[in-house]
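Q: 3D, please:
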Amino acid sequence: MVTYAVGPSLDSFTGVPNTLMLLAVMGLFGALLVVAVLLGLNSRPGRHARTRPHRNAFGGRDQVTPRRKRAAIIVNPTKFEDLAAVVTTVGEVAATLGWDPPLVVETTQTDPGAGQARSALDEGVDLVCSLGGDGTVRMVASALAGTSTPLGLLPGGTGNLLARNLELPVTDIAEAFRVACTGRNRAVDVGYLTLQDASAPGGYPAPEGSTTPEGSAEHAFLVMAGIGLDATIMSETTEAAKARMGWPAYAATGLRNFLGPRLKAHISIDDGAPTPVQAHTVLIGNCGRITGGINLIPDARVDDGILDVVVIAPKGLAGWLNVSAQVLTQHRSARTQRLQRHTATRVTVTTEKPQAVQLDGDIVGESSALSARIEPKALLVRVATMGDPPPAG
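A: Got it, this is the predicted structure:
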């Protein structure tokens, strides 16, 4: 029996579709694998796979380091035998506090501090310190009054009177500079004195001052102005004596003059009628503590907006002993002929003949007529914070 094959067998037809399906499946898996690889290469890693940026990066690319503060120190070089050591000391304090090295500028005889302080303000410093005597303090303060830049008080003189009145360090320059950099601002009053028909004593440089409408110079003071015996004491006490004896040098000069003649004057309080007086000295105070720690005006406050006027007019040795007892015991008795006390915002004093006038211990000229006024809280001074220890000395 002959059999004829007219087409493929059933087995051959069922094998072909299975092979094609297998190839198709393998191609699909291959394509998916390629896509998965490509997606993996181009995808962002998860948040746990990333490196966390430094915290400074969150401030932005334009973040800059904060500016370091800087102080200027206006120094009277005649007060120090080794000024380089002093400059090193304040530089070390500045470095410890994270401040830039201070700008140190020396005073001169023709410019004892005001011009240097104004130049320091132009430099944009954060603090201006005076380093010298009470005269240097006064001159630097005259440039800072009315500004927002504070004054730091570094002890370099015999009296250091403003520092004593504000209970600041007066024997330790390093500690005083630390307080000046880290302390708080206190607004204090500034007194201004105008001398009419004034003449500068021989050898003394013309003091700083703004010109008044009348053409007279107006000079700043922080502690006390005076005409009469106190000015005589200031003018006759030599720098050599002060360097050798300290504040007792003033007392020695006073003993040679306290029984001298009294001056004849008229005093006007707050534009009132002039009152005649015969006195050894007339003092106009912004604060009360003077050389030797004596509190001459117990009620005076450096920020009360008031001038305290003291007329000292004893007769003979017994009168001086009585006045001295009142001062030393801080006796606040009623006004007497020997010791008169007034308060005012404006004071005028005229004398029969020109008398020496002192401001914070400096002789600024001779005059037979002067007037004083107070500018309340015109100056910022750095004082100790509540947690600072009491000053030494």
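Q: which residues in the stretch 101-250 of the chain form helices?
A: Applying DSSP state H, counting those that start in this stretch to the stretch 101-250 of the chain gives helices spanning 114-122, 134-144, 161-165, 173-182, 229-236, 239-245, 248-257.
Q: Please apply the same query to the stretch 251-393 of the chain.
A: 316-328.
Q: D362 versus A344, what's the distance?
A: 23 Å (C-beta to C-beta, to the nearest Å). Every C-beta, even on glycine, is put in place using the N, C-alpha and C of the backbone.
Q: cool, G132 as well?
A: 11 Å.
Q: More neighbours: which of these two?
A: The residue with more neighbours, out of G132 and D362, is G132; 26 against 21, by other C-beta atoms under 10 Å.
Q: dump the residue contacts of the more buried one.
A: The contact partners of G132, by C-beta atoms under 8 Å, 6 or more residues apart in numbering, come to 74-76, 79, 107, 113, 156-157.
Q: Could you do A252 as well?
A: For A252, the contacting residues are 237, 241, 245, by C-beta under 8 Å, 6+ apart.
Q: Give the burial count for the last one, as a bare number.
A: Around M245 sit 14 other residues, with neighbours defined as other C-beta under 10 Å.
Q: Point to the residue nearest the middle of the protein.
A: In the chain, the centroid-proximal residue (C-alpha atoms, centre = their mean) is L151; its distance is 1.7 Å.
Q: Touching, it and L222? I think so.
A: No: using C-beta atoms under 8 Å, L151 is not in contact with L222; the gap is 9.4 Å.
Q: residues shared between the contacts of the two?
A: Common neighbours of L151 and L222 (C-beta under 8 Å, 6+ apart) are 137, 141, 379.
Q: can you pull up the bridge partners for the residue nearest to the centre of the chain?
A: Going by DSSP bridges, L151 is paired in beta bridges with V128, V381.
Q: which regions of the stretch 251-393 of the chain sit below the pLDDT cut-off?
A: 254, 257-259, 292, 320, 324-325, 327-337, 387-393 (pLDDT under 70).
Q: picking up where we left off before, let me know which of the helices of the stretch 101-250 of the chain is the nearest to P354.
A: For these, the distance to P354 is smallest for helix 229-236, at 11.2 Å, taking C-beta to C-beta.
Q: For stretch 160-180, measure first residue to last.
A: Stretch 160-180 has an end-to-end distance of 15 Å (C-alpha to C-alpha, to the nearest Å).
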